[in-house]
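Colleague: Predicted coordinates and the sequence they were generated for:
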Amino acid sequence: GAPIAAASIDDPAAEPSTEERRVVSVVFCDLAGFTAHTERSDPEDVRTRLTAFHNAVRMDVERFGGRVEQLMGDGVFAVFGAPTAHEDDPERAVQAALRILDSLKQLNEERRLGLEVRIAVTTGEAVVQVSDRPDREGIVGDVVNTASRLESVAATGTIIVDERTFRATMHSIEHTALDPVSLKGKAEPLSIWRAEAAKSRYGVAVDDAPDTPFVGRDAELALLVDAFERTISRSHPLIVTITGEPGVGKSRLIREFRNAVDDRDDLVFWRQGRCLPYGETVSFWAIGEIVKSHAGILESEAPESAMSKLEEAVAVLIEDPQAADWVARRLLPLVGAMDPATGGIAREELFTAWTRFFEALAAKNPLVMVLEDLHWADEAVVEFVDHLTEWATGSPILLVATARPELFTDRPDWAAGKRLSLIHISEPTRP
C-alpha cells in the first residue's frame with residue numbers, strides 16, 4: 001500500500017515500524033474499461049462485479065502464497081515475498097496471474113459478468129515496512145511503480161512481465177517477447193514479455209540446457225546410472241534421493257542423468273513432477289503432473305477433455321476394458337477431472353489404482369519418475385511412494401527424488417525399509 005507514516009514520538013501507544021530491504025514480486029491487476037461501465041450501470045451491479053473480481057483475485061493470490069496489499073477500486077496490488085519470502089516468488093506471482101485469467105474466464109461463463117483485466121508482474125528490491133500491527137505494513141520501491149505503469153500498457157486479457165521476472169521464470173513459464181516500452185520515470189525503454197502459460201513440466205524437463213560444462217559430479221551421475229541399470233536388471237522399484245541446499249546443482253545433476261537416459265538405445269519413459277510448497281488441494285500435485293504427462297493433458301485442459309485423454313491413455317496400457325475403466329476413474333482426481341462417483345473412494349483403493357497405472361507404464365518400457373522438492377511434499381505423497389515401492393514388485397521403476405537436507409529432519413523415517421540410495425551434494429558445481 002501507500003508508505004506508512006512514522007509513529008509519533010508523542011503517542012505512547014505508538015509502535016515504531018521496522019524496515020527491511022527485500023526482493024519481492026509485485027502483481028498489479030486492473031479491470032479494463034470498468035470506469036466507462038460504471039457510468040452506465042446500476043451501483044448494485046457495479047458492487048456485485050467488483051466483489052466477485054476482488055474475491056477471485058484474492059483467492060488466487062493467496063493460493064500461491066502471496067498477499068493482497070491493497071484493493072484500489074477496480075484494481076488490485078498484490079505482493080509475493082513479504083511478509084513471507086520464498087525462493088520461487090517470481091514464479092508464484094506469474095502462476096497466480098495466469099490463474100486469475102482462468103478464474104475470471106470461468107466467472108464470466110458462469111455469471112456473465114464481462115470482466116476483463118490487464119496484469120503486470122515485476123520483480124525487484126523494495127523496502128518492506130513491518131510492525132506487529134497488520135495496519136502498519138507497506139511495500140515501497142520502484143518495483144511497485146513499474147508494475148503499476150506496465151499494467152497500463154498491457155493489452156486486455158494479457159500478463160506483462162519485466163526482465164527480472166522473465167529471467168526468474170523462463171524455465172517454467174512460456175513467454176513471448178514484446179517490443180520495449182517507454183515508461184514515465186524510466187530513462188531507457190523497458191524490455192517486456194507476455195506470459196502465456198505454464199510450461200508443460202508434465203514428465204518432460206523444460207528446455208533449459210545449461211551453458212556451462214558439467215564438472216565435478218561424475219561420481220554422483222555414475223551412481224544414478226548404476227541405480228537405473230539395477231532397476232532394469234532386477235525389475236524392481238528403487239529410490240534414489242538427491243539432497244543438497246538450494247543452488248548446489250541438484251537440478252543440473254537430474255538434467256545430466258536425463259541426457260544419459262536419452263543416449264540409451266532402448267526406449268525409457270521419463271516422467272517428472274514437482275512438489276509444491278503452496279496452495280490448496282495440491283497434495284498429489286507432483287503425481288498428477290506425471291499422470292498428465294503421459295496422457296498429454298495440459299494444465300489449462302477442460303475437465304471433459306482431460307477425462308477423455310486419460311481414458312484413452314489408460315486403455316492403451318491396460319487391455320482389459322473393465323480394468324482400464326476402473327483405473328482411469330480413480331486417476332481422475334490427479335488430473336483435475338473429478339468424477340462424482342469417486343468422491344468417497346478410500347485412499348488405499350486410490351493408491352492401488354495409481355500403482356496399477358505405473359506398473360502398466362513400466363511394463364511397456366522402464367520408467368524413471370522424478371519427484372522434485374520432496375521436502376515440500378505432505379504426508380500423503382510419502383504414503384503413496386511407500387505404497388508404490390512396496391506393491392509394484394516386478395516393475396522396473398526408478399524413483400529419483402530431490403530434496404533439501406531438512407527432508408531427513410522432518411521425515412527421519414524416509415530411508416527406513418526402502419530400497420534407497422542417497423546422493424548428497426555439498427557444494428555447487430563449477431566450470
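Modeller: Cool, the structure landed. Residues are numbered from 1 along each chain as shown.

Colleague: make it CA atoms for all contacts and neighbour counts henceforth
Modeller: Fine.

Colleague: And the spatially most central residue of the chain, how close does it get to His375?
Modeller: In the chain, the residue lying closest to the centroid (C-alpha atoms, centre = their mean) is Leu276, at 6.0 Å. In this view, Leu276 and His375 are 9 Å apart by C-alpha to C-alpha, to the nearest Å.

Colleague: again, but for Pro333
Modeller: Applying C-alpha to C-alpha to Pro333 and His375 gives a distance of 23 Å.

Colleague: re the thing from before, what residues are up against the residue nearest to the centre of the chain?
Modeller: Val282, Trp285, Ala286, Asp373, Trp376, Ala377 (C-alpha atoms under 8 Å, 6 or more residues apart in numbering).

Colleague: right, and the fifth one touches Pro277 too?
Modeller: Yep, that's Trp376 we're talking about. Yes. Counting by C-alpha atoms under 8 Å, a contact exists between Trp376 and Pro277, whose distance comes to 5.3 Å.

Colleague: Worst mean pLDDT across the helices and strands of the chain, which element?
Modeller: Every helix and strand in the chain was compared by mean pLDDT, DSSP states H and E; the lowest is helix 34-39, with a mean of 59.

Colleague: Quick one: mean pLDDT over the lengthiest helix in the chain.
Modeller: If you go by DSSP state H, the chain has its longest helix at helix 89-111. Computed over helix 89-111, the mean pLDDT rounds to 88.

Colleague: Between helix 89-111 and the helix or strand that it is followed by, find me the angle.
Modeller: Sequence order places strand 117-130 as the next helix or strand after helix 89-111, per DSSP states H and E. For strand 117-130 against helix 89-111, the angle by axes from the mean of the first three to the mean of the last three C-alpha atoms, to 10 degrees is 130 degrees.

Colleague: Counting by contacts, list what strand 117-130 packs against.
Modeller: strand 18-31, helix 89-111, strand 138-140, helix 142-153, strand 159-162, helix 163-169 (3 or more C-alpha pairs under 8 Å, 6 or more residues apart in numbering; DSSP states H and E).

Colleague: Now render those as TSV, adding distance to Pro246.
Modeller: Output for those, formatted as TSV (distance: least, C-alpha to C-alpha, whole Å):
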stretch	distance to Pro246
strand 18-31	17
helix 89-111	14
strand 138-140	27
helix 142-153	25
strand 159-162	24
helix 163-169	15
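
Colleague: want to try TSV for these, with distance to Asn259 and mean neighbour count as columns?
Modeller: Compiled in TSV, the helices and strands packed on strand 117-130 are given as follows (distance: least, C-alpha to C-alpha, whole Å; neighbours: other C-alpha atoms under 10 Å):
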stretch	distance to Asn259	mean neighbour count
strand 18-31	33	22
helix 89-111	26	20
strand 138-140	44	22
helix 142-153	39	20
strand 159-162	32	27
helix 163-169	23	19
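
Colleague: Would you map the strands across the stretch 151-300 of the chain?
Modeller: With strands called from DSSP state E, counting those that start in this stretch, the stretch 151-300 of the chain shows them at 159-162, 173-181, 190-198, 238-243, 269-274.
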